[in-house]
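>>> heads up, no residue letters with this:
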Ligand SMILES: [Zn+2]
């Protein structure tokens with residue numbers, strides 16, 4: 001296949017920076033297209049529509065255990081689209097916070113950027129907080145004395161954020177979804193959020209990484225009121241939840257989710273379909289109509305399959321946004337797929353547009369529904385999402401399974417233990433090869449040993465048990481305790497550094 005130089009450059013950068021692109025594009029095969037879903041083109045992303053069919057039952061069990069607090073965020077945000085500023089008033093309600101927790105740490109990612117975060121006030125239950133520390137992505141202050149009452153803790157913040165320009169692709173830096181380009185503005189990890197408490201009741205915040213992800217998110221209920229000003233052109237708003245819109249005001253609600261992401265553009269064209277009770281909206285730039293049709297088709301198939309294999313999703317809408325940066329990235333109810341993959345789409349399933357679309361969709365389960373510590377156990381969500389690519393092909397394109405192994409995994413000859421923290425891998429490539437590719441090999445071998453039917457049943461139980469929690473590898477293994485072959489000593493020694 002002959003390619004233009006620019007495509008070569010994109011391919012090279014994708015190889016280095018993304019979830020695992022491949023420099024050797026395989027020739028098209030006769031893989032058939034996904035079945036055409038019913039696609040509706042809507043003029044804006046935010047119309048409130050009533051679904052004719054009943055949505056999947058909402059699954060919203062409360063987290064259990066006495067030390068599990070319950071979180072909700074009420075955010076009022078005024079975005080000036082031309083100035084790239086947002087003025088924010090945020091109320092954080094924390095119920096059942098253990099009384100011996102006397103300091104609160106909030107994660108404020110915008111503070112990592114120059115002039116990115118300007119704090120105006122903090123009030124905890126009526127008491128203004130004058131003393132705090134703000135360093136890196138952490139805002140920390142002492143809590144006023146509390147009585148051991150049932151009353152939830154109420155934290156009110158006022159602050160402004162200045163969005164950074166998303167830098168052009170580089171081999172030096174991790175791709176950055178947060179910020180703006182000429183045609184896209186992304187609010188991701190844009191508000192202050194409460195991290196989880198660890199076993200010692202310390203707030204769990206990891207050092208920002210050079211590669212990989214480090215944030216750990218407990219679930220929360222979100223109410224987001226967004227007002228947009230400073231735009232000359234009509235804008236289309238993609239978000240983690242559906243909106244009630246009144247002119248330039250959008251009111252979103254999302255229950256029991258880890259993140260709330262928004263992406264805005266004057267240029268988005270929207271395709272829409274539905275699968276397994278999940279409304280799927282795909283937002284792309286005008287020259288990407290054909291690949292976007294493929295994206296919405298792959299996403300619908302994947303959503304239907306994962307609902308069957310893993311269990312129902314707790315929310316009813318997933319938005320897919322063509323990223324104006326070279327990476328895929330998952331958030332609850334919204335994920336990005338790199339524009340590079342749309343550009344390279346050749347009309348077949350044999351490329352990264354399909355694989356990353358279904359990979360990021362799998363993160364709605366293995367990241368969103370079942371959380372994990374992305375810094376210390378990155379294999380857990382990345383391995384399950386990469387393995388889900390194979391599960392997708394097995395279900396819809398079984399004759400492409402060999403292609404997937406060759407192109408996605410074996411081409412890289414991946415080595416290394418899969419269970420290291422992101423900080424312990426010497427390079428991005430070493431990290432990706434282990435946590436994505438070796439993890440997929442491991443999960444395949446595990447499924448071979450326990451057989452498909454039992455593996456599927458165990459993973460369904462895992463989702464049931466761990467949904468809305470932050471899971472870990474130990475719990476994952478414990479799910480297999482009754483399976484033949486447990487504790488899988490040989491398998492564990494092959495892939496894991498830490499073996500019991
Ligand atoms: Zn992933």
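Thanks, I have the structure now. Here the structure is a predicted model, which means the values were calculated and not measured. Residues are numbered from 1 along each chain as shown.
>>> name the nearest residue to residue 394, ignoring sequence neighbours.
If the residues on either side of it in the chain are set aside, residue 394 comes closest to residue 401, at 5.9 Å by C-beta to C-beta, 6 or more residues apart in numbering. For every residue, glycine as well, the C-beta is placed using N, CA and C.
>>> my bad, should have said residue 395
residue 305 (5.1 Å).
>>> residues near that neighbour, how many?
Counted with other C-beta atoms under 10 Å, residues neighbouring residue 305 total 21.
>>> quick one, what contacts it?
By C-beta atoms under 8 Å, 6 or more residues apart in numbering, the residues touching residue 305 are 391-392, 395-396.
>>> please tell me how far it sits from the ion.
Distance from residue 305 to the ion, counting by C-beta to the ion, to the nearest Å: 17 Å.
>>> what residues does the stretch 301-450 of the chain put near the ion?
382, 385 (C-beta under 5 Å from the ion).
>>> closest residue of this structure to the ion?
residue 385 (4.4 Å; C-beta to the ion).
>>> grab the longest helix from this protein for me.
helix 289-309 (DSSP state H).
>>> pLDDT of the next helix-or-strand element following it, averaged?
The first helix or strand that comes after helix 289-309 along the chain, using DSSP states H and E, is strand 317-323. Strand 317-323 shows a mean pLDDT of 98.
>>> any idea how far residue 261 lies from residue 240?
The gap separating residue 261 from residue 240 is 5 Å, by C-beta to C-beta, to the nearest Å.
>>> ok, residue 313 next?
On the measure of C-beta to C-beta, residue 313 and residue 240 end up 13 Å apart.
>>> same thing with residue 91?
Distance from residue 91 to residue 240, by C-beta to C-beta: 19 Å.
>>> can you check residue 330 too?
11 Å.
>>> and for residue 327?
Taking C-beta to C-beta, one finds residue 327 at 18 Å from residue 240.
>>> okay, the two: which has more neighbours?
Ranked by neighbour count (other C-beta under 10 Å), residue 327 and residue 240 place residue 240 first, with 26 against 21.
>>> can I get the buried part of the contacts of residue 305 as one PyMOL selection?
To isolate the buried members of the contacts of residue 305 in PyMOL, using 16 or more other C-beta atoms under 10 Å:
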select buried, resi 391+392+396
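>>> low-confidence stretches in the stretch 51-200 of the chain?
For the stretch 51-200 of the chain, applying pLDDT under 70 flags the ranges 51-67.
>>> what segments of it are helices?
Ranges of helices within the stretch 51-200 of the chain: none, based on DSSP state H, counting those that start in this stretch.
>>> quick check, pLDDT for the residue lying closest to residue 367 once chain neighbours are set aside.
With C-beta to C-beta, 6+ apart as the criterion, residue 367 has its nearest non-adjacent residue at 4.6 Å, and that residue is residue 381. pLDDT, residue 381: 97.
>>> on that earlier part again, overlap in contacts, residue 261 and residue 240.
331-334.
>>> so residue 205: helix, strand or coil?
coil (DSSP: H, G, I helix; E, B strand; the rest coil).
>>> quick one: contacts for it?
Counting by C-beta under 8 Å, 6+ apart, residue 205 has contacts 105, 107, 137-138, 195, 216.
>>> determine which two of those residues are furthest apart.
Farthest apart among those by C-beta to C-beta are 138 and 216. That separation is 13.3 Å.
>>> which of these two has more residues huddled nearby?
residue 216 (20 against 16).
>>> next, the more buried one: secondary structure please.
With three-state DSSP as the basis, residue 216 sits in coil.
>>> so it makes contact with residue 373?
Yes. Proximity of residue 216 to residue 373 meets the contact threshold set by C-beta atoms under 8 Å, at 5.1 Å.
>>> which residues do those two both contact?
Joint contacts of residue 216 and residue 373 (C-beta under 8 Å, 6+ apart) are 204, 206, 470.
>>> wait, the first one sits on residue 214?
I take that to be residue 204. No. Contact criterion C-beta under 8 Å: residue 204 and residue 214 do not qualify, at 10.3 Å.
>>> circling back to that earlier point, please, which helix or strand holds the residue nearest to residue 394?
Under the assignment here (DSSP H and E), residue 401 is part of helix 401-404.
>>> which helix or which strand is home to the residue positioned nearest the centre of the chain?
Centroid-nearest residue in the chain, with C-alpha atoms, centre = their mean: residue 330, separated by 2.2 Å. For residue 330, the host element (DSSP H and E) is strand 329-331.
>>> contacts for that strand next, please.
175, 177, 188, 240, 258-261, 323, 335-336, 360, 363-364, 367-368, 385.
>>> partners of that strand in the sheet?
strand 334-338 (antiparallel) (DSSP bridges).
>>> what's next to the strand it pairs with, contact-wise?
By C-beta under 8 Å, 6+ apart, strand 334-338 touches 14, 18, 175, 177, 186, 238-240, 261-263, 295, 318-323, 325-329, 352-353, 356-357, 360-361, 363-364.
>>> go again using 7 Å as the cut-off
Strand 334-338 is contacted from outside by 14, 18, 177, 238-240, 261, 263, 295, 319-323, 326-329, 356-357, 360, 363, using C-beta atoms under 7 Å, 6 or more residues apart in numbering.
>>> ok, now stretch 418-433?
Counting by C-beta under 7 Å, 6+ apart, 16, 20, 209, 211-212, 214, 375-379, 383, 412, 414-416, 434-435, 438-439, 442, 473, 495-498 sit against stretch 418-433.
>>> which ones among these are found in helices?
Using DSSP H, the contacts of stretch 418-433 in helices are 16, 378-379, 383, 439, 442, 473, 495.
>>> now the residues you listed as JSON lines including neighbour count and distance to residue 228?
Shown next, in JSON lines, are these (neighbours: other C-beta atoms under 10 Å; distance: C-beta to C-beta, whole Å):
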{"residue": "16", "neighbour count": "18", "distance to residue 228": "35"}
{"residue": "378", "neighbour count": "28", "distance to residue 228": "35"}
{"residue": "379", "neighbour count": "26", "distance to residue 228": "39"}
{"residue": "383", "neighbour count": "27", "distance to residue 228": "39"}
{"residue": "439", "neighbour count": "25", "distance to residue 228": "40"}
{"residue": "442", "neighbour count": "22", "distance to residue 228": "45"}
{"residue": "473", "neighbour count": "18", "distance to residue 228": "42"}
{"residue": "495", "neighbour count": "23", "distance to residue 228": "48"}
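>>> most widely separated two among these?
So, the ones in helices among the contacts of stretch 418-433 by C-beta to C-beta: farthest apart are 16 and 473, at 27.8 Å.
>>> how about the residues of this structure near the ion?
Checking the chain against the ion by C-beta under 5 Å from the ion, the hits are 382, 385.
>>> how does it look with 8 Å?
Neighbours of the ion within the chain, by C-beta under 8 Å from the ion: 19, 328, 330, 359-360, 362-363, 367, 381-382, 385-386, 436.
>>> which of those tops the neighbour count?
Busiest of the residues of the chain next to the ion [other C-beta under 10 Å] is residue 382, holding 30 neighbours.
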